[in-house]
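Peer 1: pasting the sequence and the predicted coordinates here, then a few questions.
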Amino acid sequence: VQLQASGGGSVQAGGSLRLSCAVSGIIRRLNFMAWYRQGPTIHRELVARISSDGTTFYSDSVKGRFTISRDNDKNLVYLQMNNLKPEDTDVYYCNAIGIYSSWEAWGQGTLVTVSS
């Protein structure tokens, strides 16, 4: 299974970006898809997650500003990021987990930079 993330970039505070992640390869019963972020000194933080039935979870720091969605037919996951803040600056990683956590895969990071 391979994950390919795209959509990172640089914006000013208050701006928006949309991240995309495509899952390819032999995909057996994909369940959760998620976005994490990681700065230089802290652990990888779960930003948002969506299950195969559409149930979502957001970290408190992004709730109300970010929206995760997925296209099950195309094995795509998106992260719409609005009202971005400088503290959202990080490398963002997409993640996919198979049913019963039978497998897990990570995409390469994509850098999001928010300037004040």
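Peer 2: Done, it's in. Numbering: from 1, shown residues only.
Peer 1: which strand or helix spans the most centrally placed residue in the chain?
Peer 2: For the chain, residue 35 is the residue whose C-alpha lies nearest the centre (CA atoms, centre = their mean; 2.4 Å). Residue 35 is part of strand 30-38 when elements are defined by DSSP states H and E.
Peer 1: rewinding a little: beta partners of the residue nearest to the centre of the chain?
Peer 2: Partner residues in beta bridges with residue 35: residue 48, residue 94, with DSSP bridges as the criterion.
Peer 1: list the contacts of it.
Peer 2: With contacts defined as CB atoms under 8 Å, 6 or more residues apart in numbering, the neighbours of residue 35 are 19, 21, 46-49, 68, 77, 79, 92-95. Yep, even glycine has a C-beta here, placed from its N, CA and C like the rest.
Peer 1: give me the contact list for stretch 12-29.
Peer 2: Outside stretch 12-29, the residues touching it (CB under 8 Å, 6+ apart) are 1-9, 11, 30, 33, 35, 74-86, 92, 94, 96, 98-99, 102-103, 105, 107, 110, 112, 114-116.
Peer 1: hmm, which of these are the buried ones?
Peer 2: Burial of the contacts of stretch 12-29 was assessed by neighbour count (16 or more other CB atoms under 10 Å); the buried members are 1, 3, 5, 7-8, 11, 30, 33, 35, 75-79, 81, 84, 92, 94, 96, 98, 103, 105, 107, 110, 112, 114.
Peer 1: among those residues, which lie within strands?
Peer 2: Where the buried ones among the contacts of stretch 12-29 overlap with strands, as defined by DSSP state E, the overlap consists of 3, 5, 11, 30, 33, 35, 76-79, 81, 92, 94, 96, 98, 105, 110, 112, 114.
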